[in-house]
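1. no sequence on this one, just coordinates:
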């Protein structure tokens with residue numbers, strides 16, 4: 001992980017302009033994402049489904065961050081949260097591809113329940129938002145580490161370890177932003 005966070009460049013310069021995606025900074029590590037390969041692997045698919053659409057999975061993170069983006073009045077922070085949500089969308093997409101590759105169906109359930117928005121943290125106070133995001137990122141990192149240790153598929157392990165790098169960057173951003181308040 002690098003020592004500095006990405007420098008923020010506004011996604012939208014004013015309420016009346018369109019986003020300039022050429023100036024969008026993503027909150028992600030610079031290393032490449034590995035491709036997942038392998039045969040049908042129901043045990044690994046089950047773990048990935050939890051990361052994909054479980055209560056504390058990527059779909060919940062995306063939904064929480066998009067909600068927060070709309071509730072945060074500080075435009076710089078709101079755009080940073082939205083950019084982190086976009087990285088989480090990339091993770092969701094890669095996990096869905098991995099689930100499919102390993103013989104699973106990337107439906108929005110984790111075999112325990114169908115995803116719904118009840119797990120999204122709807123706090124609106126900025127410090128509480130940041131605290132919730134710190135906890136969400138810590139949970140994601142712990143889940144990915146646990147699943148990377150449990151899978152026998154080395155390409156899945158490599159993908160999860162790569163995703164952890166992004167989650168650590170998100171954790172650092174939310175923690176440092178909260179500490180600065």
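-> That came through fine. Owing to the predicted nature of the structure, the values given are computational and were not obtained by experimental measurement.

2. Could you check how far residue 75 is from residue 82?
-> Distance, residue 75 to residue 82, using CB to CB, to the nearest Å: 10 Å. In short, each C-beta sits where N, CA and C put it, glycine included.

3. which one of the two has more residues nearby?
-> residue 82 (19 against 14; other CB atoms under 10 Å).

4. My assumption is that that one lies in a helix; please confirm.
-> Yes. Under DSSP: H, G, I helix; E, B strand; the rest coil, residue 82 falls within a helix.

5. What pLDDT is listed against it?
-> Here the pLDDT value assigned to residue 82 is 93.

6. and the spatially closest residue to it that is not a sequence neighbour, how many neighbours?
-> Distances taken as CB to CB, 6 or more residues apart in numbering put residue 69 closest to residue 82, at 4.3 Å, once the chain neighbours are dropped. Residue 69 has 18 neighbours, counted by other CB under 10 Å.

7. what helices or strands is the one helix or strand residue 69 maps to leaning on?
-> Residue 69 is located in helix 58-71, with elements delineated by DSSP states H and E. Judged by 3 or more CB pairs under 8 Å, 6 or more residues apart in numbering; DSSP states H and E, helix 58-71 is in contact with helix 42-53, helix 75-101, helix 126-150.

8. will you turn these into CSV that also has distance to residue 178?
-> As requested, those are exported to CSV (distance: least, CB to CB, whole Å):
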stretch, distance to residue 178
helix 42-53, 25
helix 75-101, 11
helix 126-150, 4
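
9. Would you mark the buried spots in stretch 168-181?
-> Using 16 or more other CB atoms under 10 Å as the test for burial, stretch 168-181 gives 168, 169, 170, 171, 172, 173, 174, 175, 177, 178.

10. mean confidence for it?
-> Averaged across stretch 168-181, pLDDT comes to 95.
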